[in-house]
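Undergrad: Can you look at this prediction? I've put the sequence above it.
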Amino acid sequence: MKKLDLRWNDLGTSGAKVILQALSSNVTIHFIEVVGNKVSEDVMHSLDQLLQRNRGEGNGIAKVLYGGSEFRGDNEVPFEILQKEKDFADELRAKYEA
């Protein structure tokens, strides 16, 4: 699944934070529709960052670590990338659990 339609479910900011937490460990979802859920702008921004990461766009971890270049073709992911992605997810989680 790459697209999730959650429009008009009255999630609110607290529900969107749960989605953020789940998305921090998910790299397959590329798009989430959240119109009509009364989600705060800062949470929307964080959702956007994670979705960009999942698509390999913007300031996502792939482009940050490889300086804007594409991932290498092999299936091996260097430890540094995994650690930075974990740190990124932990940082977002800490921001919204407080």
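TA: Looks like it arrived, so ask away.
Undergrad: All the helices of the chain, residue numbers only.
TA: 12-23, 41-55, 61-65, 79-97 (DSSP state H).
Undergrad: Now find how far off-centre stretch 84-97 is within its chain.
TA: 10 Å (Cα atoms, centre = their mean, to the nearest Å).
Undergrad: now stretch 1-9
TA: 14 Å.
Undergrad: what is the rounded mean pLDDT of that stretch?
TA: Average pLDDT, stretch 1-9: 90.
Undergrad: Can you tell me which helix or strand of the chain has the lowest average pLDDT?
TA: Every helix and strand of the chain was ranked by mean pLDDT, DSSP states H and E. The lowest is helix 61-65, at a mean of 43.
Undergrad: residues contacting the closest residue to Gly12 other than its chain neighbours?
TA: With sequence-adjacent residues excluded and distances taken as Cβ to Cβ, 6 or more residues apart in numbering, Gly12 is closest to Lys38, at 5.2 Å. (Glycine included, C-beta is placed from N, CA and C.) Contacts were defined as Cβ atoms under 8 Å, 6 or more residues apart in numbering; by that measure Lys38 touches Asp10, Leu11, Gly12, Thr13.
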